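> okay, sequence plus prediction incoming.
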Amino acid sequence: MSRITNFTPPVPGPGGASSVDQAGEGFNDLDIDSFLSLLIAEMQNQDPMNPMDNAAMIEQVGQIRSIGATNQLTESLSSLSANQQLVTASNLIGRQVKGISDNGEVTGVVDKISVNIDENDRNSRTVKVHVGDRTMDIDNIRQINQQS
């Protein structure tokens with residue numbers, strides 16, 4: 001298998017962190033499109049007298065499929081987790097809870113729940129629990145009391 005020879009190593013930035021460190025985990029953050037671009041570049045720049053082995057090509061295609069399956073699984077689990085939070089929060093309506101809001105500790109009966117959707121990522125949402133005029137993330141609930 002040939003190598004891409006015009007690779008430039010990361011340059012240390014402020015505080016000694018390399019550009020790869022600042023951008024993420026390097027190859028761990030490689031998405032399917034970037035992977036395919038690298039594969040195509042590798043094929044275009046291979047030595048015609050010593051082309052890529054078929055076994056290596058099949059292995060890389062298998063890796064592409066694995067990345068795609070992992071991405072789908074991650075998206076499915078994220079959606080399931082968000083839905084589970086909503087179900088859990090809806091079961092808290094009418095129950096007394098104790099937790100932490102942005103303004104400090106909150107104790108009281110849950111009036112309602114709401115879902116905030118991130119404007120930058122429409123798939124990211126946060127479930128909020130309302131106790132009177134105070135609001136807290138469902139993750140910040142520390143105690144749930146039995147219903148009377």
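Okay, I see it.
> from here on, contacts and neighbour counts on C-alpha atoms
Fine.
> where do the helices of this protein begin and end?
19-23, 32-44, 54-90 (DSSP state H).
> quick one: which of these is nearest Ile144?
helix 54-90 (11.2 Å; CA to CA).
> show me what that closest one is packed up against.
Judged by 3 or more CA pairs under 8 Å, 6 or more residues apart in numbering; DSSP states H and E, the packing partners of helix 54-90 are helix 32-44, strand 112-117, strand 125-131.
> neighbouring contacts of the shortest one?
Translated: strand 112-117. 89-90, 93, 123-131 (CA atoms under 8 Å, 6 or more residues apart in numbering).
> at 10 Å what do you get?
82, 86, 89-94, 122-132, 135-138 (CA atoms under 10 Å, 6 or more residues apart in numbering).
> emit the ChimeraX select command for whichever of these are buried.
Applying 16 or more other CA atoms under 10 Å to the contacts of strand 112-117, the buried members can be selected in ChimeraX as follows:
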select :82,86,89,90,92,93,126,127,128,129,130,131,135,136,137,138
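> surely Ile144 meets Ala89?
No - counting by CA atoms under 10 Å, Ile144 does not reach Ala89; the two are 11.2 Å apart.
> which one of the helices of the chain lies nearest to Asp102?
Asp102 lies closest to helix 54-90 among these, at 18.3 Å (CA to CA).
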